[in-house]
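K.L.:
Here is my input, please return the structure:
(one chain, ligands or ions: 2)
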Amino acid sequence: MSTSSVTGALDAWRDLPAVQQPDWEDPAEVRAAVSELAKQPPLVFAGECDQLKERLAEVARGEAFVLQGGDCAETFEGSNADAVKNKLKTLLQMAVVLTYAASVPVVKIGRMAGQFAKPRSKPTETRGGVELPAYRGDAVNGFDFDAGSRRNDPRRLLQAYHCSAVTLNLCRAFTKGGYADLRQVHAWNQDFVAQSPAGRRYEQLAGEIDRALTFMKACGANPDEFHGVEFYSSHEALLLEYERALTRIDSLSGLPYDVSAHFLWIGERTRQIDGAHVDFLSRIRNPIGVKLGPTTTADDALALIDKLNPAGEPGRLTFVTRMGADKIRDALPPLIEKVHRSGAPVAWICDPMHGNTFEAPSGHKTRRVDDVLDEVAGFFEVHRSLGTHPGGIHIEFTGDDVTECVGGGHEIVEGDLHQRYETACDPRLNRGQSLDLAFMVAELYRKNG
Ligand SMILES: O=C[C@H](O)[C@H](O)COP(=O)(O)O
Ligand SMILES: C=C(OP(=O)(O)O)C(=O)O
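P.N.:
Ligands and ions are numbered 1, 2, ... in the order given. Purely as a prediction, here's the structure:
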């Protein structure tokens, strides 16, 4: 295909139904923002996306495990060094637990550096008789409940790009510049060890890692090999104008890559087979994911494979299942069985968050840590019974001590939710709850092997 026909095909989504797109008031403002975005440098490079694809191919073959996580909705205000460091620290601690306790290579993907747009159940929100557009993420409008803030403003797309650049720069510096060095396992935990059972459990494991590193050094291994880690960015490819403006033709291969993140996924609300999101993502060469909820049929999954990975390229397609703890044991097996029989190289990862949200009497959206753990346990059980590979987890978490999900080591109860409820959209696991989850996953993984 010539470059001009590749570029032309990238716009085919414009003729298809595109759900969950903001109603922008002024098309001229959108054109101006998009043309500015199109001039910005790439956030990621095609070669990095290909490298992630190789890692995900290892996951699909059962040789590695994905840890994907971060905020439900990143905010512009949260794009600062402390918040990014806290999230990364938690991700690194979880990854260390998994790598060491489950003895599996862990592919680390942040829901970071681009997760600024949200699909919503309702287009508007009503408070005290006042109805305003729903908050759709900082890339679209403001969280504050007033008409000015809730106005969809296309200039925010540019701000989302710049905040993504800042965040990714910090992530690259933290993960390559020494902070993620395995010899820092204790340092990541210093502020946490005294405060929480998960922190103390982690400290023991860090001690074992220290001894293993000392042993390896004594054997002549080069400890500098553990100086940095591979880290990849991801977000939901929801706002198609944004994703299209950041899609470029790679000069080496002549192929289109969406350079807004290494990995993009299609949400449960936007995975219509003839819809704009599936069409657009079918045309970029990044590794991609699709969220699959409990109503997905095995034929839906096969149709998505046909459309998104017709050539059966390893590592190209990941299914992120989000069934709900009460449904996963019934809903997942038929999908895996049929996909497995088709021979398609799919990586399966479990999002135990989005099928388990409910509203507490106080009005806070929350999740029970027990439901999260149970969905992950169900995911492992199903894979074990079918002889397939449980390829990873996808979670919403933060590095701070928020009170958004109930249960876990500190036994947060519904009455505590108001204390530190800071999410801009859905409830996230806090650091202790995330570490508890990592320890449980490591145990399940060991049993599975
Ligand atoms: O994160 C996922 C969705 O955006 C979120 O669950 C939608 O929430 P809502 O039902 O409050 O709109
Ligand atoms: C909206 C999300 O999830 P889902 O598409 O699975 O509902 C999300 O992960 O932010």
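
K.L.:
residues near the spatially closest residue to Thr175 that is not a sequence neighbour, how many?
P.N.:
Nearest-residue entry for Thr175: Phe231, 4.2 Å, with adjacent residues in sequence omitted and distances by Cβ to Cβ, 6 or more residues apart in numbering. Quick note: C-beta positions are derived from backbone N, CA and C, even for glycine. Using other Cβ atoms under 10 Å, the number of residues around Phe231 comes to 23.

K.L.:
so how far is Val84 from Phe231?
P.N.:
Counting by Cβ to Cβ, to the nearest Å, the gap from Phe231 to Val84 is 11 Å.

K.L.:
swap in Cys219?
P.N.:
36 Å.

K.L.:
Equivalent analysis for Leu444, please.
P.N.:
Leu444 is 29 Å from Val84, by Cβ to Cβ.

K.L.:
rewinding a little: could you tell me which residues touch both of Phe231 and Val84?
P.N.:
Cys171 (Cβ atoms under 8 Å, 6 or more residues apart in numbering).

K.L.:
Low-confidence ranges, the protein, go.
P.N.:
In the predicted model of the chain, residues 1-3, 193-194, 449 satisfy pLDDT under 70.

K.L.:
how about the most centrally placed residue in it, phi and psi?
P.N.:
Nearest residue to the geometric centre of the chain (Cα atoms, centre = their mean): Arg111, 3.6 Å. When quoted as degrees, to the nearest 10, the phi and psi of Arg111 stand at phi -80, psi 70.

K.L.:
Quick one: residues contacting it.
P.N.:
Contacts of Arg111 by Cβ under 8 Å, 6+ apart are Gln68, Gly69, Gly70, Asp71, Cys72, Glu74, Ser234, His235, His394, Glu396.

K.L.:
Just flag the most distant two among those.
P.N.:
Distance extremes for the contacts of Arg111: the farthest pair is Glu74 and His394 at 15.4 Å, using Cβ to Cβ.

K.L.:
Which of those two has more residues huddled nearby?
P.N.:
The neighbour comparison of Glu74 against His394 (other Cβ under 10 Å) goes to Glu74, with 29 against 25.

K.L.:
Could you tell me how far that one is located from ligand 1?
P.N.:
The gap separating Glu74 from ligand 1 is 12 Å, by Cβ to the nearest ligand atom, to the nearest Å.

K.L.:
Wait, a strand at Tyr242?
P.N.:
No: the assignment for Tyr242, made by DSSP: H, G, I helix; E, B strand; the rest coil, is helix rather than a strand.

K.L.:
Give me the phi and psi for the closest residue to it other than its chain neighbours.
P.N.:
With Cβ to Cβ, 6+ apart as the criterion, Tyr242 has its nearest non-adjacent residue at 5.1 Å, and that residue is Leu157. With angles defined as degrees, to the nearest 10, Leu157 sits at phi -60, psi -40.

K.L.:
Repeat that for Leu238.
P.N.:
Backbone torsions of Leu238, given as degrees, to the nearest 10, read phi -100, psi -50.

K.L.:
Look at it and say how many residues are nearby.
P.N.:
Leu238 is flanked by 28 other residues according to other Cβ under 10 Å.

K.L.:
That one contacts Thr270, doesn't it?
P.N.:
Yes: in this structure Leu238 lies within contact range of Thr270 using Cβ atoms under 8 Å: 6.7 Å.

K.L.:
Identify the contacts common to these two.
P.N.:
Overlap of the contact sets of Leu238 and Thr270 (by Cβ under 8 Å, 6+ apart) consists of Gln20, Pro119, His277.

K.L.:
If we check ligand 1, which of the residues you listed are in contact?
P.N.:
Pro119 (Cβ under 6 Å from any ligand atom).
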